[in-house]
Structure formats: structure tokens, C-alpha cells
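Visitor: Dropping the sequence and predicted coords here.
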Amino acid sequence: MYKKIKGVKELSKDLRTIFNFSMGVYHSVVYADSSIESMQDIKGKRVFVDPPGSATRRTVVQMIDAVTGYKADEDYTTVKLGWDAAAQSFQDGNLDVYFNPTNAPSPAISQIALTKKIRFLGIPKDDLEGNEGVAALTKNPGFRITQLKQNTYGENQVNSDDVYTLAVTVGISTNKNIPEETIYKMTKTFWEKITAQYDSAPWLSNISLDKALLDLNMPLHPECRALLP
């Protein structure tokens, strides 16, 4: 996305990673009492594939195409909303399928599951190998296949098996010219405080030191090395 910037190759050499973490997994939610039990069933349905212009929207559209061959706004209707409006619209029954790339358990989806039975759609096991479209998705930096566990959202999640879906790693980075003391203090404070938040915000447990180097694709800032295992 930065290839047209003048001197981009030289500028990229100044980048340093502080740490990486999981952005989340791609959730594809439907109500359990709907007729939708797989991605093949979304034909003709109203689908939130994430906000217009977003990278996540392109990923969802590609994933649906890879699994079903369906084309956006030809085989199903994409609903153009922001994150909050889409969550509310799904709760109000104005959407048939709600996609959200978020850490599990997601507070927004947990709220839905408190009162209604839900089902997660996923990538069929048979498509994990030999499906060129699925393989192309996992070639993007930070992308991999993962499983959303069948009991992630409690008794109102009706999936009888774990669901295969996409997981994404993102990160926090800096410029090598930022004072090293600043990076050290900021990073040390973050890691010292994060575990205290796990109980009040369970999804934060996806951010941990043992995953801080996952999918690293640029040099690690030297002041971060002493803080990592």
C-alpha cells in the first residue's frame, strides 16, 4: 500500500517492531434459528462484510468467494455500515450474516449470545487443502487458519464442532530514531500491567509475551529484546 511513496525502500529500513499480537479471528455469525448453516446458504442474504473500503472487507469477500464462488452484490447483498451500526442492525434482525474480525470472546458477540442462540460459519475442512482461494488468503502476511472453539460463547453457541476460520496477527512498530529510553519505559509498563486486565477483559488474554514475536517481519527494536522471553 506504500509502494508509490518516494524512497519507500530506504524508509522501510528505519522501521522497528515493538511487539506483535493477535488482531483476532474472523467471526461469521448467524442466528441458530435461521436457515443458514454454512457459507453456501448465504446466497440471496443480507451480509455485513465489514465497513466499505476496509482491508477486512476485502478479506471477507475473498473468503466467501474462495469457499462458495459467490460474488458480492451478485449472489448476496452486502450491507454498508460501520462496526457499531452493524452490530446493532444484526441484533435488530436487519442482517442475516454478521462478520467481525475480532479477538474471542468478543464483547459485542458475547452480548448477542446472552439472549439468543447463535451459530458460526466457517471454512469447510475439505477446503483447507487444495482450495487455491483459501491458500491465497493465508499467504498474506500475518494470516493463518485457526479454529474458533465450539464453546467460546457459552451454551447459546450451537456449533457442535470447532469452526475453521482465519486468524490475523498485527503489531505495534516504531522508527529506529525514537529515543530508546522512551520505547523501553512504554513497553515495560505495558507488559507489567496487561495481565491485571485479563479477568475484566478476557479477550486481552490473546495479547501475551509468548506471542510477541509471532509473524515478525521486520527487525525488533533493541530495547524490546530484554523484555521478551
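Guide: Arrived safely, thanks for sending. Numbering: from 1, shown residues only.
Visitor: From now on I want contacts and neighbour counts done on CA atoms only, so please keep to that.
Guide: Fine.
Visitor: tell me the helices in this structure, going along the chain?
Guide: Counting by DSSP state H, the chain has helices at residues 8-12, 55-68, 83-91, 107-113, 132-138, 180-194, 222-225.
Visitor: among the ones you listed, which is nearest S34?
Guide: helix 83-91 (12.6 Å; Cα to Cα).
Visitor: Quick check: T169 touching L213?
Guide: No: in this structure, T169 is not within contact of L213 by Cα atoms under 8 Å, at 10.1 Å.
Visitor: Common neighbours of those two, please.
Guide: Common neighbours of T169 and L213, counting by Cα atoms under 8 Å, 6 or more residues apart in numbering, are N20.
Visitor: what's near enough to touch T56?
Guide: T56 sits next to V49, D50, P101 when contact means Cα under 8 Å, 6+ apart.
Visitor: oh, I was asking about D75
Guide: Contacts for D75 were tallied using Cα under 8 Å, 6+ apart; they are K43, G44.
Visitor: how deep is G142 tucked in, by neighbour count?
Guide: Residues contacting G142 under the criterion other Cα atoms under 10 Å number 19.
Visitor: so how many other residues sit close to the residue nearest to it when sequence neighbours are not counted?
Guide: Once flanking residues are discounted, G142 sits nearest to T169: 4.7 Å by Cα to Cα, 6 or more residues apart in numbering. Look at T169: counted by other Cα under 10 Å, it has 19 neighbours.
Visitor: Report pLDDT for T169.
Guide: The model reports T169 with a pLDDT of 89.
Visitor: What segments of this protein are strands?
Guide: Remark: strands assigned in the chain by DSSP state E are 15-31, 46-48, 77-78, 97-102, 118-120, 143-148, 163-175.
Visitor: Adding distance to K4, write those strands out as a markdown table.
Guide: Listed next are the strands of the chain as a markdown table, based on distance: least, Cα to Cα, whole Å:
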| stretch | distance to K4 |
| --- | --- |
| strand 15-31 | 17 |
| strand 46-48 | 31 |
| strand 77-78 | 30 |
| strand 97-102 | 28 |
| strand 118-120 | 39 |
| strand 143-148 | 24 |
| strand 163-175 | 20 |
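Visitor: of all these, which lies closest to E223?
Guide: Here strand 15-31 is closest among these (Cα to Cα), at 8.5 Å.
Visitor: re earlier: most packed of the helices of the chain?
Guide: Comparing the helices of the chain by mean neighbour count (mean count of other Cα atoms under 10 Å), helix 55-68 ranks first with a mean of 18.
Visitor: which stretches of the protein aren't confidently modelled?
Guide: Scanning the chain for pLDDT under 70 picks out 1, 225-229.
Visitor: What is the end-to-end distance of stretch 173-187?
Guide: 11 Å (Cα to Cα, to the nearest Å).
Visitor: ok, residues contacting it?
Guide: With contact meaning Cα under 8 Å, 6+ apart, stretch 173-187 is reached by D14, L15, R16, T17, I18, F19, H221, E223, C224, L227.
Visitor: now stretch 38-49
Guide: Stretch 38-49 has contacts (Cα under 8 Å, 6+ apart) with 35-36, 56-57, 60-61, 64, 67-68, 70, 75-81, 86, 94-100, 121-122.
Visitor: First-to-last residue distance for it?
Guide: Between the opening and closing residues of stretch 38-49 there is a gap of 16 Å (Cα to Cα).
Visitor: Kindly report the same for stretch 194-208.
Guide: Start to finish, the residues bounding stretch 194-208 are 8 Å apart (Cα to Cα).
Visitor: How about that stretch, which residues are buried there?
Guide: W203, L204, S205, N206, I207, S208 (16 or more other Cα atoms under 10 Å).
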